[in-house]
Every structure is written in structure tokens, then in C-alpha cells.
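[1] turn this into a structure:
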Amino acid sequence: MLTIPIYDTILLPDVTFYFKKEVIEGWDVESFDIGSDIAFAMLRDDLDTADVMLEDVYPIGVIARIESVDSEGNVKVRTKDRINFIDFSRNAEGNIDAQIEIRPEIDDMKPEDKKSRFDRIKNKFLKFVQNYQWGLWARGFILQWKNINELACSMTGYFSITWQEKYEIVEVDKASERYDLIEHAAYSFMELADVAENAELEQQQRNENIYREDAIKKQIEILQRELDEMHPENISDVRRFEKEIDESGMNETAEREARKVLNRMKQEGQDGHEYGMLYDYLDFVTSLSWKHEKFNKIDLEHAEKILDEDHYGLKKVKQRIVQQLAVMALNKKQSGSILLFVGAPGTGKTSIGQSIAKALGREYVRISLGGVRDEAEIRGHRRTYIGAMPGRIMEGMKRSGVSNPVMVLDEVDKLVRDYGGDPSSALLEVLDPEQNNSFTDHYMNVPYDLSDVLFVCTANSTDTIPEPLLNRMEIIEFPGYTATEKFYIAKQHLIPKSMKAAGIKKKNLTITDTSIKKIVADYTMESGVRGLKKQIDNLMRYAAVQLVKGNEKKISVKPKSLREYLGHRALSHDIIDKKSIPGVVTGLAWTMAGGEILFIETKAVNGSGKITITGQLGDVMKESVEIAISLVKDMYPEETKILAEKDLHIHVPEGAVPKDGPSAGITIVTALVSLFTNRAVDPSIAMTGEVSLRGNVMPIGGLPEKLMAAVRACVKTVFIPEKNVEDLEDVAEEVKKELKIVPVKKIKDVINQVF
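    Numbering: from 1, shown residues only. Below you'll find the predicted structure:
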């Protein structure tokens, strides 16, 4: 008997089945007679029939009778019974003979139950196929079923069950259990088919809606674009931002973020609660200049001319700026150090930044950092916060409208560090050329290239600037202006600008040179010219009143009329005393407003050796007093014995002004020597220098400002530390001509020359 493996179909008893020759592997049509029996086995694995053994097939199969074989090799069989395979053998023709036994069926169902269950599932299938295009063909196929076995054999290729589950339907002996398995497989098939069909219809509907929505949006965009072209003034926000993003030249990261926000803005609509925040963000990022500006050729002669026209003096400062511009001209890009202008108020630090921008033909932006205490002022606030804003750096870039402005960061020494963060640390990334090409403002949340920006910083002092920030900058000192420089600044710059601002014509007002010099000398006391400008503005306002009232048609300002125009002398600089007194010596000090003289006054009174120090002296200056007392006691042991029965009082006027610093050291020593030896010091002698406990005179700062104060106070001779001689190069020639400058190395040198 030939055994034929079947791979994907269930064969059950009492079923008519049709096979094609090529379907059943190993089928030999000519070897069978009509009416002969054949056994069907189910392979466990996909094997070649030539190698099949008994253990390779399932133990239960089906026996069938061959009813017909047509000319094309199609075979019709009718199944009879289920069988158990006992053994396999292969005959001389190579066919498989199987030793079998009939496996009886257990009919535990009534005929009417079989019929009702079969009719129910058959009708279910007929109703099921009505929903499909192939339902008409399937209906004829279903109507041919005569029993549930035929249903199972016909549909087994469509059931979503495993080969093992198919075999279980063949294996079960009881009719009721087989009915249950077939019904479960059939109903599962129909349910899964319905779900799949519904899902497909739903997906199709969703796709159709998406396609329809996209088509409508494209039509709206086309129509909106045409309307925008016809009426540019009524362009929608979304369309405007789309256009600006396309034309902005943003980097990939920024463009991706901008389009993401734009999509959110579309979804929100104008009535959405986040629409305003999204609008502000897009308005900001699209207002920035993302494209690198073309590098303009730098004309150094033109730059020098502009710097000279806008600022009088400042020779070394201008020279350093021109050097920076020369480096940029050679590299054809922004390069060189970050410049830090340090000097007293009114010396031109900020305005010279404006002149640099003018010389380069660039936009100018000034950002004041005074009092900034929150890091977010530099880096911006994250957009998750209510009222989030970009930092001052990016806000300045927006105002400039270009990617390469000259940006002046004013008053970097007045940044404040507190719980809000350290803004000076945030500036490190801004000013570092190695990092600022990808500066990320928290509000923008995308990198922006600041490498083309020419940063210029200003400060009154470097004392409060953190070391890491200071290391990134090159310090350029702005010395105070001399009286002569102030005269020319007033004449060439301040007076013409003030007259123009007041609306006064040249023919209506003249100011004599002597009057300008008197204003400089008697009405100002600063290193810069800010106070001088205020006095000139006061003068112009007074003149404007007289001209408008018609009291005078032409006003001539002379020295004697200054009291009428400006009132009494606003300031009274300390001038040296004509009378010399033992224990009093003139010193030189540096202040934020420039140089000034101060008097060290000492007096010994009856007492018990108590030492009193007055004049609001700081800790450093008090230490200088203690060093001076020790030095004098060592130098003049006999003269200082009186301290056992005398109280020593040291005072530095003015008492209401705080004072600190070590540069009054040699002055205090000289004053004490003068007191104890009862020898007066010439009032026309002034001095400055720190003194050590060994008697060495150590260098000090602010020498140019101190020497200018000495000239103003009518001092004739000034003692300075020997190590400060090189600093004399920064002192104006007119100042040096007025003074006899004596470098000293030891305190004994001072004492010997003074007395």
C-alpha cells in the first residue's frame, strides 16, 4: 500500500478530495488502479519522501479509495476511515508500503445534533462571505459541503492554526470533540477575518482622510500664497515665519527647532494659550542674522583718522586698537584678543568702542552689565518659565541685525554673584573664541555663532573681575586726562556738541580759552571729562535762556562771568599749604575719579602711649601705619622714647572719605620722622610708595593719575618707587615738565633727601 505525505491539509473520513499530480510528492498515477486504496500520512517535518521513516510521520492517518484519474493526472479520492500506522517498508518500485490498522470512530452525537451544529456553522459562513467581493464564488463553494468533515478539509488551508492543531482534529476519536475543535477553528477564522477587514477599512478611511486633509492644506497654501503676493501687508503669521525661516540661512539644528515650534504654532491656532509664546520665539529667532557677513577690507589710515577725530589724546590706546585691526586685516576675519578698557569714568572707554565700529563700518551695540546678578541675564531663561526672555547677548545681536557687530560689554567689573548664579562664569563662553562659535542661549536652545563679533569690555577697576574671566581679556589702561587734554577735548568736542544739542549757533556764543581752562581747573575734579561735560551743558542752558528772552543777542563767556553762569566754584581741590608744619606730609592717592593729594597729619599729646588712627582708613592702610611706627622706632630710638608718656594721633583728611591701600607707606614714615625730630617737610614735596618692614620702597599703581594730581596741587617734587620708573612712559610730557620726579629705593633715601 502506498503512503502519500500531505503537508497543509486535513483529511477526515467521508470526504471527497481532488489532487493534482504535482501536489503530492511521490505520486505515481500509473501504478494505481481505480478502486484501490491508498493511505495518507502527515509528516512531522518537511522531509524528502525518499527518506521518510515511521518516526517521521504522525501515527494517525486516513485511508481513501481512488475513484478516478483524468488524462492530466488529477486524482479524485474518497476518504473512508482513520488508520494507525504500524510499520513502513519500501517496495522494489521505490514506493512506500504501510502496515496499518483501522482506528474506530466514537460517535457520541445524535444525528439531529450533528445536523443542527453543521447547518449553524454553514449558515454562519454563508452570512460571513456576503461582506466580501469574492462572496459569490465562495457561496457556491460552501453550498457543496455535506458534513462538517468536508468543511474542515476545505477550509484547513485558511484556518490560522498550527500543523499540530490540524493533526489534533484528525487525532481525536469522539465526534463531539472534533466538532468543538472544528467550530473553534472556523469561528476564530471568521472573527479574525472580520477584525482584519475592519482594521483595513479603518486604516483605509484614515488614509483617505489624511490624503484629503493634505490635499486641502496644499490648496489652502497655494491660495494663501497667491493672496500674500497680492496683499503683502496682510500676510499670515504662519506664512510669514515659513518664508523667514526659508530665507534666514539658519544652521540645521536651529532650522529644525524653528520648524518644530512653527508646527506647534499651527496646531495651537491664534486662540491657543501658547500661541503668544510660540510667536515671540519665532519672531526672535527669525529676527537674528544667521548668515556670515562678508568681511570688509580694513583701511588702517581711515581707522586712525576716525579715532583721532573722535578722541583727543589716548595715544597708546589708539595704537593698540590699530594693531588689533591690522591683525584682523591680515587674517580677513575676526581675530585677536578680547580688549578690556580699564580706567576712571568719563575717560572715553565706551565711546571709543563706538569709534571702532565706525572705523570698521560695522553696527555698534552696547550692553550694560552693571548690577547683573542672574546668570539668565547672560544665557537667557528657559522657555518653560513664564515670561522667559533671551539673554542680553542675543538680545544685542537681534538689535544689531547683523552677525558681526562691535559689541561693548560695559562695566564687567560690576557683575554680582549670588543665589541667581554667577554671570561672570556665563561670560566665559561668550568671550572665549574657542567656544563662542556655538554659543547656546537657554531661550533659543540652539547654537549661534558669535565668532564674528568684536567684543570690547570696559571696567573701572580689575579688582572685582574674577581671574578666569580676566585671563580671557587683554587689559588696556585708560589714564586720566591732563588739564591740557581736557582743554582741547572741551574745545574740539564737548562745546560743539553741547551747542548743537542746545540749538545755539556759533555766531551767538563764544567761550574764551581762559574760561575753558578755568572751568577745567575750578569746576571739575575727575580723571575723565564727564563732569566737564555737565558744566558745559549748564553753561549752554544758561546761555539759551538769555538768548530766548532776548536779553542778549551774542554772549561772550569770560573767566569773570563764570560765577554768573555756573555759580561759585563747585570744587576746591586740595592745594599744598604754604606753611610747613612738623608732622604733616603731602601724599598722593588714586581714586575712582582720578588722582588726588592727601595730607598725613601726626601729633603727639600727653597720655600713656596710646595710638589713635582716624580718617576712615582701611585694613591695608592701618597695617601701613603699624609698619611705619615700627620703622621709625627702629630708626630713631631716642626720639621715640616719648611714646611711653605721649599719645600718638595719626589722621588722614578728609575724615568722611574711606581710604585704603599701601601706597601711603613712605608718606606716613616721613610724617612720623618729621614729628619726632621736629623738622618740617617742604609742602611742595609729595610722595607715594609702599614701604616694607625692612625699609624697602615698593611699587604702586595709578602713577599717571597721581602725578597729574600733584601738578594740579602745585607740588614741585615727587618721590616715587624706583620700580615705577618705567611707568613714567605713560605720563604726559606736560606733567613731567612741571615736576621734579625722584625715584627712591629705600626709606632712608627719602628721609635723607627730604630733610
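
[2] please name the residues that touch S368.
    410-411 (Cβ atoms under 8 Å, 6 or more residues apart in numbering). For every residue, glycine as well, the C-beta is placed using N, CA and C.

[3] confidence score at it?
    As predicted, S368 sits at a pLDDT of 90.

[4] one more: I576?
    We note a pLDDT of 66 for I576 in this prediction.

[5] so where's the stretch 351-500 of the chain uncertain?
    Low-confidence segments of the stretch 351-500 of the chain (pLDDT under 70): 419-420.

[6] now the helices: where do they sit in it?
    Secondary structure of the stretch 351-500 of the chain (DSSP state H, counting those that start in this stretch): helices located at 376-379, 392-400, 423-431, 467-471, 483-489, 495-502.

[7] the lengthiest strand in the chain pairs with which strands?
    Ranked by number of residues, the top strand in the chain under DSSP state E is strand 75-90. Taking DSSP bridges as the criterion, strand 75-90 forms sheet pairs with strand 16-19 (antiparallel), strand 60-69 (antiparallel), strand 96-103 (antiparallel).

[8] rounded mean pLDDT for the last one, please.
    The predicted model gives strand 96-103 an average pLDDT of 84.

[9] give me the next element, helix or strand, following that strand.
    Scanning forward in sequence from strand 96-103 by DSSP states H and E, the next helix or strand is helix 111-129.

[10] can you list contacts of the helix or strand following that following helix?
    For helix 111-129, the following helix or strand on the C-terminal side (DSSP H and E) is helix 135-143. Contacts with helix 135-143, where a contact means Cβ under 8 Å, 6+ apart, come from 122, 125-126, 129, 132, 154.

[11] PyMOL command for the buried members of the residues you listed?
    Selecting the buried subset of those in PyMOL, with 16 or more other Cβ atoms under 10 Å as the burial test, is done by:
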select buried, resi 122+125+129+154
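
[12] ok, back up a step: so which of the helices of the stretch 351-500 of the chain is nearest P662?
    P662 lies closest to helix 467-471 among the helices of the stretch 351-500 of the chain, at 20.9 Å (Cβ to Cβ).

[13] quick one: N538 from V520, how far?
    If you measure N538 against V520 using Cβ to Cβ, to the nearest Å, the figure is 14 Å.

[14] neighbour count: those two, which is higher?
    V520 (24 against 17; other Cβ atoms under 10 Å).

[15] these two touch, right, the more buried one and K486?
    Yes. Contact status for V520 versus K486: in contact at 4.6 Å, counting by Cβ atoms under 8 Å.

[16] shared neighbours, those two?
    With Cβ under 8 Å, 6+ apart, V520 and K486 have common neighbours L532.

[17] the nearest residue to T614 once chain neighbours are set aside bridge partners, please.
    Sequence neighbours aside, H651 is the residue nearest to T614 in space, at 4.7 Å (criterion: Cβ to Cβ, 6 or more residues apart in numbering). According to DSSP bridges, the partner residues bridging H651 are E601, T614.

[18] tell me who's in contact with H651.
    With contacts defined as Cβ under 8 Å, 6+ apart, H651 is in contact with 601-603, 613-615.

[19] what's the per-residue pLDDT of it here?
    Looking at H651, its pLDDT stands at 92.

[20] and it, how far from I720?
    Going from H651 to I720 by Cβ to Cβ gives 24 Å.

[21] do I100 as well
    On the measure of Cβ to Cβ, I100 and I720 end up 128 Å apart.

[22] stretch 537-551 - what's its average pLDDT?
    Predicted confidence along stretch 537-551 averages 87 (mean pLDDT).

[23] as a check, name the ranges of all helices in the stretch 101-250 of the chain.
    Here the stretch 101-250 of the chain has its helices, by DSSP H, counting those that start in this stretch, at 111-129, 135-143, 148-155, 163-171, 175-230, 237-248.
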